[in-house]
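[1] Any chance you could fold what I've pasted below:
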Amino acid sequence: AAVTAEMGKPLADARGGVEAGIGTLRQYAELAPVRGGRTLHGGHHAIDFMMPQPHGVVAVITPWNDPVAVSCGLLGAALVTGNVVLYKPSERTPATGWLLAKALDEVLPAGVLTLLTGGAETGAALAAQSVDVVAHVGSTATGRAIAAAAARTGAKLLLENGGSDPLIVDAGVDPVWAAREAALGSFANAGQICVAVERIYAHRDVAEDFVAALV
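    Residues are numbered from 1 along each chain as shown. As a prediction, this is how the structure comes out:
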């Protein structure tokens, strides 16, 4: 309900995003027990042992268009690898971010997850801090600003920003099925998805039938 109230997604879609987020967190929880070290057997008088270590402090900055599912992806990855997290949800979905952070905070040790709210100035201030990793899903312009800040602080970056996503319809594809999938890929969430279909290349053998079905 909070997602629907804040960003306008229909209730069924909002629930789907929450379910996707839960599924992502469960996947990360299953990965946690298998994240161990490895011994490399070399010479008789030496052992090479590799052990993964947390980065430390991870700043997570998330968008408004699918606030639960996207946040769970970044938060789950950071938490399962042993990091503490500074989480700033979009200023357009602050209540959703607060509810998600509250639910996670109830099962995490104190201080592992910290919620920060605010607009672009808050995100810029967070990216400028001496954190170890900045993970951001959002606009290309914001991603560039974060990259510039990380160049000064030395933080590692995980940026998933805007693109221009093509869909290719090959000759052997059912053009009616492809048209249905293309429409879904273009217009789901009003087209406001980071992997929304923006360009379509259709093979000449199916192009006419594909266009007719898409229209």
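
[2] quick one, helices of the protein?
    With DSSP state H as the criterion, the chain has helices at 2-7, 11-31, 67-80, 94-105, 120-127, 140-153, 175-187, 204-214.

[3] Which strands or helices does the shortest one pack on?
    It stands for helix 2-7. helix 11-31, helix 67-80, helix 94-105 (3 or more CB pairs under 8 Å, 6 or more residues apart in numbering; DSSP states H and E). All C-beta spots, glycine's among them, are computed from the backbone N, C-alpha and C.

[4] for the fifth one, same thing?
    Contacting helix 120-127 under the criterion 3+ CB pairs under 8 Å, 6+ apart are the following elements: strand 57-61, strand 84-88, strand 133-137, helix 140-153.

[5] Now tabulate the ones you listed in TSV and tack on distance to G37, mean neighbour count and mean pLDDT.
    Below are those laid out as TSV (distance: least, CB to CB, whole Å; neighbours: other CB atoms under 10 Å; pLDDT from 0 to 100):
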stretch	distance to G37	mean neighbour count	mean pLDDT
strand 57-61	21	25	97
strand 84-88	21	22	97
strand 133-137	21	24	96
helix 140-153	28	15	94
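
[6] for the ones you listed, which one sits closest to A77?
    strand 133-137 (7.7 Å; CB to CB).

[7] got the angle for the closest one vs helix 140-153?
    Here the directions of strand 133-137 and helix 140-153 differ by 180 degrees (axes from the mean of the first three to the mean of the last three CA atoms, to 10 degrees).

[8] who does strand 133-137 pair up with?
    Using DSSP bridges, strand 133-137 pairs in its sheet with strand 57-61 (parallel), strand 156-160 (parallel).

[9] chain center to stretch 207-215: distance?
    33 Å (CA atoms, centre = their mean, to the nearest Å).

[10] any idea of the mean pLDDT in that stretch?
    Across stretch 207-215, pLDDT averages out at 97.

[11] middle-most residue in the chain, spatially?
    When CA atoms, centre = their mean is applied to the chain, the residue found nearest the centroid is V70 (3.9 Å).

[12] Pretty sure it sits against G138.
    No: using CB atoms under 8 Å, V70 is not in contact with G138, being 9.1 Å away.

[13] any shared contact partners between those two?
    Both V70 and G138 are contacted by T62, P63, under the criterion CB atoms under 8 Å, 6 or more residues apart in numbering.

[14] Would you point out the helix or strand in the chain whose mean pLDDT is lowest?
    strand 38-41 (a mean of 75; mean pLDDT, DSSP states H and E).

[15] Neighbouring strands of that one in the sheet, and parallel or not?
    Going by DSSP bridges, the partners of strand 38-41 are strand 47-50 (antiparallel).

[16] And the contacts of the partner strand?
    With CB under 8 Å, 6+ apart as the criterion, strand 47-50 contacts G37, R38, T39, L40, H41, G42.
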